[in-house]
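A.B. asks: Sequence plus predicted model, see below.
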Amino acid sequence: MLEIDGIAAAYGNIEALRGVDLSVEEGGITCLLGPNGAGKTTLMMTIAGLLKPRRGTIGFLDRDITGMRPSGIVRRGIALVPENRLVFPDMNVHENLVAGAYLRLGKRKSQVQQDIDHVFERFPRLQERSKQMAGTLSGGEQQMLAVARALMARPRLLMMDEPSLGLAPLVVEEIFRIISDLNADGTTIFLVEQNAHMALQVADHFYLLEQGQVSFSGKPGQLSEHEVIQRAYLGKGQARNQPAPDQGRPDGTAL
Ligand SMILES: Nc1ncnc2c1ncn2[C@@H]1O[C@H](COP(=O)(O)OP(=O)(O)O)[C@@H](O)[C@H]1O
Ligand SMILES: [Mg+2]
């Protein structure tokens, strides 16, 4: 469904992706694991068209979408739930959802309302808080809103960048249940996670990204969870007594 071929990307002189090859099969859950600073967010942003790659191609449903504008990529069926949730804090829940459908506004308002009803069925807690400002929701509710907003674009491929980051264990379980439900209902998922234990439970296929390159690709069970976790958190280099690689910002975030 999604074919990434030799993608390289950089911020000025900082090379974040050094030739990434990866594919996401339709209907499944593909996970991307890797230490902070490996380039996971950069890859998601590049696929979403928010960052132009220096080299390589991105194909989606047999079309080349490399260099396409973000709005065009959303229209083709790819939606991104960004890292750190990034809901519009000063807009209420309902307004955030309408914003998620903005590419369709002007076409059929009744359809947008139908989709809002649909996501409210999936997330009853958001319906209860429909008029609440998004910035005052709990972390878990904001994450649900971020997912719901992405669903308003009716994606065929939903990309999620660290949806469980900073959430309490019970909320993390809920988020993973939502991911499984969405997938069961036909949405293909491409998931970036730091929580390798949870990710390996839902993934059909996973990739390890280290220093801007894929270092392993396989099915859960092909590497021991211990080894995956060691590499996903620390990077292979560090596990072999090299000095710690750049671990990104102290709070573990980027961008
Ligand atoms: N806006 C930016 N400007 C400069 N460098 C950046 C920026 N965003 C990320 N980087 C750098 O690019 C590399 C990859 O970052 P990122 O894709 O955020 O990694 P991950 O999501 O795997 O933690 C890191 O070295 C990071 O410091
Ligand atoms: Mg990231």
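C.D. replies: That came through, no problem. Ligands and ions are numbered 1, 2, ... in the order given.
A.B. asks: how about low-confidence regions in this protein?
C.D. replies: Applying pLDDT under 70 to the chain picks out residues 103-107, 234-255.
A.B. asks: What segments of it are helices?
C.D. replies: For the chain, the helices defined by DSSP state H occupy 40-47, 70-76, 93-100, 109-122, 124-128, 139-151, 169-184, 196-202, 225-234, 236-239.
A.B. asks: highest average neighbour count across those helices?
C.D. replies: helix 40-47 (a mean of 25; mean count of other Cβ atoms under 10 Å). Every C-beta, even on glycine, is put in place using the N, C-alpha and C of the backbone.
A.B. asks: Can you show me the CA trace of that helix as PDB?
C.D. replies: Taking C-alpha atoms only, helix 40-47 is exported to PDB below (Å, rounded to 0.1, in the frame of the first residue of the first chain):
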ATOM      1  CA  LYS A  40      10.800   8.300  13.100                       C
ATOM      2  CA  THR A  41       9.000  11.600  13.300                       C
ATOM      3  CA  THR A  42      10.900  12.900  10.300                       C
ATOM      4  CA  LEU A  43       9.800   9.900   8.300                       C
ATOM      5  CA  MET A  44       6.100  10.400   9.200                       C
ATOM      6  CA  MET A  45       6.400  14.100   8.300                       C
ATOM      7  CA  THR A  46       8.000  13.300   5.000                       C
ATOM      8  CA  ILE A  47       5.300  10.800   4.100                       C
END
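A.B. asks: Briefly note if it comes near ligand 2.
C.D. replies: Yes: using Cβ under 5 Å from the ion, helix 40-47 reaches ligand 2 at 40, 41.
A.B. asks: Show residues contacting that helix.
C.D. replies: If you take Cβ atoms under 8 Å, 6 or more residues apart in numbering as the criterion, helix 40-47 is touched by 2, 4, 7, 9, 11, 16-17, 20, 22, 32, 34, 51-53, 58, 73, 78, 80, 82-83, 159, 161-162, 190, 192, 209, 212, 254-255.
A.B. asks: Output the helices of the chain as TSV; include the columns distance to ligand 1.
C.D. replies: As requested, the helices of the chain are arranged in TSV below (distance: least, Cβ to the nearest ligand atom, whole Å):
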stretch	distance to ligand 1
helix 40-47	3
helix 70-76	16
helix 93-100	23
helix 109-122	27
helix 124-128	27
helix 139-151	16
helix 169-184	18
helix 196-202	13
helix 225-234	10
helix 236-239	14
